[in-house]
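**Student:** Would you be able to build a 3D model of this:
(chains A and B)
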Amino acid sequence: MKHLTETQLIDHLFEPQADSSTKQHLDHCANCREQFEVLQDGLSIARQSEPEPVAWKQPRSRPSLWKRVPLAAAAVLLVASLLGFRADYREGQFSVQFSLFPRSNVQSVSDQELQTQLAELEKRVAAALDYHTARTANELNEQFAALQESQYRDLVELSIQVKESLDNTELQTGKRIAMLNRNLEVLKRHTGADAQDGALQ
Amino acid sequence: MLSDMECVEKVIRGETECFDLLVERYRSKVQSLVYNHVRQSETAQDLTQDIFFKVFRKLDKFKGESKFSSWLYRIAVNECIDYIRSHKKKAEESLELAFEKGFEVLDTSEYSDVQGRHERKVERQLVQKALATLTPEMRSVIVLKVYEERTFEEISEILSIPTSTVKSRLYKALENLGRSYRRRTLLREVTP
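**Tutor:** Just a heads-up that it's a prediction; the model follows:
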């Protein structure tokens, strides 16, 4: 007799109505039936071990990662510009220059140009400050989240300890109740014997 | 309402806010899929975030040959498998913790039944040890078929393997679980 294949057994496990010939085979073939029962046990174990559903916490209100990509790029450009890198686009050519003193010809420029440069510098400092503030806020957010997580873990550990302690108490109580029951039995027996003695006398 | 593919095209063209639509559409499903693999809610949330970031970076590689959801779940499952493989020991500990939390802490109705509780605890340990015998790939098939109740065709598309391979992998996973559980039950019965 040809035995059932893995596919046939799996199909029958999840859709028992689909193929009646498989059922007939299982009724007559002990080997396949044994194999099928092992799969049934496995499925039952898998179902028993399904994780308990959880109530999901709302995601943190900081910008999503994909939104942070352009933000991060802007931050990098800002820092690069503060460090003295300058990007230029002229006549279809893109170039990046670097200079520690990008305005080295500052003495030769007019007061108006100086004021423009000063205003630009002020803008850059303000942007750098904004960036620094945002970064600090982000770091604080992360520290807060880490703190929350560690507190949650502590709570889980505490609940496990409390449970263990309850288990021990229950066990002790159970033992005491059993002992009291035994004592009660002994007492009943003695009381019964005394009553019988009294009746005889 | 925009279809998944329309959202993808818009994101590729630079309208990144459309990615939020995809995230809103699939976040809870991906989160639950990941949680069923790793069994720890914080890890599942972090991994889900990583998965969507990865999807965002790889979006231009999605050519629409399969459904977007299948492509997304494939990335999620692969990420879970990598995670389980690299955190095997930790995952086993968290599994233990999940059992502790799920059954012991919340189960207040059984406090008077000391012996019954002990038996159930032993039973859970047996289940847990049987589960530890599975490879991450086997676990994925069980998650998709048993917990998520997907069809074999859907699993085949998600994992990008033929249906026959899905069935064979599921067969081995269930056989492993069943045999391992039977062995341990037998050992428990013969050991005083």
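
**Student:** what about the lengthiest helix in chain B, near chain A?
**Tutor:** Scanning chain B for the helix with the most residues, using DSSP state H, yields helix B:163-190. Yes - Helix B:163-190 comes into contact with chain A when judged by CB under 8 Å from any CB of the partner chain, the residues involved being B:164, B:167-168, B:170-171, B:173-179, B:181-182. C-beta coordinates here come from the backbone N, C-alpha and C atoms, glycine included.

**Student:** other SSEs contacting that helix?
**Tutor:** For helix B:163-190, the elements it packs on are helix A:6-14, helix A:30-48, helix B:114-131, helix B:136-142, helix B:152-159, judged by 3 or more CB pairs under 8 Å, 6 or more residues apart in numbering or on different chains; DSSP states H and E.

**Student:** relative to helix A:6-14, how tilted is that helix?
**Tutor:** 70 degrees (axes from the mean of the first three to the mean of the last three CA atoms, to 10 degrees).

**Student:** Phi and psi next, for A:Leu121.
**Tutor:** When quoted as degrees, to the nearest 10, the phi and psi of A:Leu121 stand at phi -60, psi -40.

**Student:** swap in B:Thr151?
**Tutor:** Backbone torsions for B:Thr151, taken as degrees, to the nearest 10, come to phi -80, psi 160.

**Student:** ok, it to chain A distance?
**Tutor:** Counting by CB to the nearest CB, to the nearest Å, the gap between B:Thr151 and chain A amounts to 9 Å.

**Student:** Okay, domains of chain B per the record?
**Tutor:** Chain B breaks down into these domains under automatic domain parsing: B:1-103, B:106-192.

**Student:** Just checking the distance from the longest one to the centre of its chain.
**Tutor:** It stands for domain B:1-103. How far domain B:1-103 lies from its chain's middle: 11 Å, per CA atoms, centre = their mean, to the nearest Å.

**Student:** how near is A:Gln17 to chain B?
**Tutor:** For A:Gln17, the distance to chain B equals 16 Å [CB to the nearest CB].

**Student:** okay, now that residue: neighbour count?
**Tutor:** By the other CB atoms under 10 Å in any protein chain shown criterion, the neighbourhood of A:Gln17 contains 7 residues.

**Student:** Where does the residue nearest to the spatial centre of chain B fall, secondary structure wise?
**Tutor:** Ranked by distance to the mean C-alpha position of chain B (CA atoms, centre = their mean), the top residue is B:His37 at 2.7 Å. Counting by DSSP states H and E, the element that carries B:His37 is helix B:18-38.

**Student:** what about that helix, average pLDDT?
**Tutor:** Taken as a whole, helix B:18-38 carries a mean pLDDT of 92.

**Student:** quick check: angle from that helix to helix B:152-159?
**Tutor:** Taking the same axes, to 10 degrees, one finds helix B:18-38 and helix B:152-159 inclined to each other by 110 degrees.

**Student:** Return the list of helices and strands in contact with helix B:18-38.
**Tutor:** Short answer (3+ CB pairs under 8 Å, 6+ apart): helix B:18-38 packs on helix B:4-12, helix B:41-58, helix B:68-86, helix B:136-142.

**Student:** swap the cut-off to 6 Å and go again
**Tutor:** Where contact means 3 or more CB pairs under 6 Å, 6 or more residues apart in numbering or on different chains; DSSP states H and E, helix B:18-38 is packed against helix B:4-12, helix B:41-58, helix B:68-86.

**Student:** export those helices to TSV and tack on mean pLDDT, distance to A:Ala195 and mean neighbour count?
**Tutor:** Written out in TSV, the entries for the helices and strands packed on helix B:18-38 read as follows (pLDDT from 0 to 100; distance: least, CB to CB, whole Å; neighbours: other CB atoms under 10 Å in any protein chain shown):
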stretch	mean pLDDT	distance to A:Ala195	mean neighbour count
helix B:4-12	90	86	17
helix B:41-58	92	64	19
helix B:68-86	93	70	19
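
**Student:** closest to chain A out of these?
**Tutor:** Using CB to the nearest CB as the criterion, the shortest distance between chain A and the helices and strands packed on helix B:18-38 is 4.2 Å, found for helix B:41-58.
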